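K.L.:
everything below, folded, please.
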Amino acid sequence: MRVWSLLKFYTILVYAFMFAPILVVLALAFNASQFGGFPIEGLSLRWFYKLAENEAIMRAMRTSLALGALTALIATTLGVLASLALVRYQFRGKAFITTFLISPVLVPETVLAVGLLIFLRWLHMPRSFALLVIGHSIIALPFVVLVVQARLVGIRKDYEEAARSLGASPFQTFREVTLPLLLPAVFAGALFAFTISFDNITATIFWRPSGLETVPTQIFGMLRNSVSPEINALGFVMICITVGLPLLAGAVARYFSRKKI
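P.N.:
Residues are numbered from 1 along each chain as shown. A predicted model of the protein is given here:
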């Protein structure tokens, strides 16, 4: 019992050490003082208003939202199609394709970013917003595949076969039977893909064209000069998005995974 008590205490200390900086940012975002620090002189929303008036940050926010939406659309579409092929069909090279799709998770992000950049330089293609979308989609695709596959395995193939026996085409079967049953996982995968793209900084630094900033790279650039109270407010928004969306996606996936198909 003493060992377990010490282990629990140590675990609590580790989590407190990990999440304390996040709690500090959340608290300082509402600090009325111009100099971020403790003790907090008063509560105010002034830095959120300043944040909304900062054109550079708002431009970076719009870029990140557009980039995340396009990444979610592409990664989710490809992830659903790949999952259907890998779960429902048998073909040569299936194990290799599965490993290939999951490989971006296994490769360090810096190595992946540098490799893709060198490959595009070899093709004489400049860095662009399209490159960002492609790169983020590659990074997010494995997570969509894993989420959708886990759901698709639990969907009985009998429903699809019954629809086909009643005269439905393969596309009609997918649209009317498979997709509605698969929709919670598709939604969860899209949220994961959006969050991964929105929060990415390592690969974005390598792939973004000159003059284009996302929210993480904008924060990184602002931190090189000084720690402005606006950064705390922006950090609060980032934490709410990057923590809230995965929690929502996980809750949706867990809720529907308990249902028997």
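K.L.:
and what about residue 209, helix, strand or coil?
P.N.:
Secondary structure, DSSP: H, G, I helix; E, B strand; the rest coil: residue 209 is coil.
K.L.:
please verify my assumption that it contacts residue 130.
P.N.:
No: using C-beta atoms under 8 Å, residue 209 is not in contact with residue 130; the gap is 9.7 Å. C-beta: built from backbone N, CA, C; applies to glycine.
K.L.:
and the helix or strand residue 150 falls within, what does it pack onto?
P.N.:
In the assignment (DSSP states H and E), residue 150 maps to helix 129-153. Counting contacts by 3 or more C-beta pairs under 8 Å, 6 or more residues apart in numbering; DSSP states H and E, helix 129-153 is packed against helix 55-88, helix 94-106, helix 109-122, helix 179-199, helix 202-207, helix 229-257.
K.L.:
now do the least confident helix or strand in the chain by mean pLDDT against helix 179-199, angle only.
P.N.:
Within the chain, judged by mean pLDDT, DSSP states H and E, the helix or strand with the poorest mean is helix 229-257; its value is a mean of 75. Interaxial angle of helix 229-257 relative to helix 179-199 (axes from the mean of the first three to the mean of the last three C-alpha atoms, to 10 degrees): 160 degrees.
K.L.:
check which residues of helix 229-257 are buried.
P.N.:
229-236, 238-239, 241-242, 245-246, 249, 252-253, 256 (16 or more other C-beta atoms under 10 Å).
K.L.:
quick one: contacts of the helix or strand where residue 158 lies?
P.N.:
Per DSSP H and E: residue 158 is located in helix 157-165. Contact with helix 157-165 is made by 88, 170, 172, 173, 176, 177, 178, 181, 261, as judged by C-beta atoms under 8 Å, 6 or more residues apart in numbering.
K.L.:
of the residues you listed, closest to residue 73?
P.N.:
residue 178 (19.1 Å; C-beta to C-beta).
K.L.:
ok, residues contacting stretch 107-117?
P.N.:
104, 127, 131, 135, 138, 139, 200, 202, 203, 205, 206, 207.
K.L.:
buried set for it?
P.N.:
Residues of stretch 107-117 classed as buried: 109, 112, 113, 116, 117 (neighbour count, 16+ other C-beta under 10 Å).
K.L.:
and that stretch, how far from the chain's centre?
P.N.:
17 Å (C-alpha atoms, centre = their mean, to the nearest Å).
K.L.:
how about stretch 19-26?
P.N.:
Centroid separation for stretch 19-26 versus its chain: 21 Å, with C-alpha atoms, centre = their mean.
K.L.:
neighbours around residue 123, how many?
P.N.:
Using other C-beta atoms under 10 Å, residue 123 has 7 neighbouring residues.
K.L.:
mind pulling up the pLDDT for it?
P.N.:
Note on residue 123: pLDDT of 77.
K.L.:
hang on, the earlier thing: and the contacts of helix 157-165 as JSON lines, adding distance to residue 152?
P.N.:
JSON lines is the format used below for those (distance: C-beta to C-beta, whole Å):
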{"residue": "88", "distance to residue 152": "8"}
{"residue": "170", "distance to residue 152": "15"}
{"residue": "172", "distance to residue 152": "18"}
{"residue": "173", "distance to residue 152": "14"}
{"residue": "176", "distance to residue 152": "16"}
{"residue": "177", "distance to residue 152": "12"}
{"residue": "178", "distance to residue 152": "8"}
{"residue": "181", "distance to residue 152": "9"}
{"residue": "261", "distance to residue 152": "10"}
